[in-house]
Structure formats: C-alpha cells, structure tokens
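*Asks:* let's see this in three dimensions:
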Amino acid sequence: MSKTFSGKQVVKLLCREFDFIVASQRGSHVKLVRSIGNKTVTTIVPLHSELAKGTMKGVLELAGIEEKDFWKVVRK
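*Replies:* Sure thing, here's the model as predicted:
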C-alpha cells in the first residue's frame with residue numbers, strides 16, 4: 001500500500017463500499033460489522049490521523065478484504 005489513509009477515511013470506505021456498519025466505538029477505536037450469509041465479520045479501525053501500513057493490513061485482514069479489492073474501490 002502506497003497511499004496512507006486516516007481511520008475516518010477507512011471507516012467511510014468500508015461502510016460505503018463493503019457494507020460494514022458501525023457497531024460501537026470505545027475511545028479512538030471503531031468496531032465495524034457486516035453479515036455474510038449466516039456469518040458475522042468484525043473489524044476494528046483506530047481513528048488515527050494516519051494508519052500505518054501494518055495497521056491497515058490488519059484492518060483489512062480482519063475484515064476479510066483482499067488488498068487488491070480495497071484498491072479497486074479506492075481507484076474508482
């Protein structure tokens with residue numbers, strides 16, 4: 001990943017493009033969930049001004065989203 005994103009930007013993208021909803025927030029961390037069939041997928045996004053590459057990869061991994069799929073949406 002070359003471009004950096006803020007936590008707020010990632011939350012917006014995941015909600016708008018990948019059907020996540022905000023389940024809760026505790027401090028500076030937002031919990032997002034989505035249902036896929038009978039399975040619930042959860043990811044946590046820290047609301048930092050800039051997410052580190054490793055943090056971003058972890059968010060996407062928890063969300064079950066491939067990096068290439070995320071970048072397809074970003075480049076739209």
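*Asks:* distance of F5 from E17?
*Replies:* 13 Å (C-beta to C-beta, to the nearest Å). (C-beta placed from N, C-alpha, C; glycine too.)
*Asks:* show me the strands in this protein, by range?
*Replies:* In the chain, strands defined by DSSP state E lie at 21-26, 29-36, 39-46, listed in chain order.
*Asks:* any chance of those strands in TSV, with mean pLDDT too?
*Replies:* Compiled in TSV, those are given as follows (pLDDT from 0 to 100):
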stretch	mean pLDDT
strand 21-26	97
strand 29-36	96
strand 39-46	96
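*Asks:* which one of those strands lies nearest to K76?
*Replies:* Smallest distance to K76 across the strands of the chain (C-beta to C-beta): 19.2 Å, for strand 29-36.
*Asks:* what comes up buried for that closest one?
*Replies:* Using 16 or more other C-beta atoms under 10 Å as the test for burial, strand 29-36 gives V30, L32, R34.
*Asks:* list just the nearest of those to L60.
*Replies:* Distance to L60 across those (C-beta to C-beta) is lowest for L32, with 11.5 Å.
*Asks:* name the residues linked to that closest one by a beta bridge.
*Replies:* V22, T43 (DSSP bridges).
*Asks:* helices of the chain, start to end?
*Replies:* With DSSP state H as the criterion, the chain has helices at 7-18, 53-63, 67-74.
*Asks:* can you redo the ones you listed as CSV with mean neighbour count and mean pLDDT?
*Replies:* Output for the helices of the chain, formatted as CSV (neighbours: other C-beta atoms under 10 Å; pLDDT from 0 to 100):
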stretch, mean neighbour count, mean pLDDT
helix 7-18, 17, 96
helix 53-63, 16, 96
helix 67-74, 13, 92
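*Asks:* of all those, which one is nearest I44?
*Replies:* Closest among the helices of the chain, once you apply C-beta to C-beta, is helix 53-63, at 6.8 Å.
*Asks:* quick one: contacts of the closest one?
*Replies:* By C-beta atoms under 8 Å, 6 or more residues apart in numbering, the residues outside helix 53-63 that reach it are 1, 4-5, 10, 14, 18, 20, 32, 41-46, 48, 51, 66-67, 70.
*Asks:* repeat that for 10 Å
*Replies:* Contacts with helix 53-63, where a contact means C-beta atoms under 10 Å, 6 or more residues apart in numbering, come from 1-5, 7, 10-11, 14, 18, 20, 32-34, 41-46, 48, 50-52, 65-67, 69-70.
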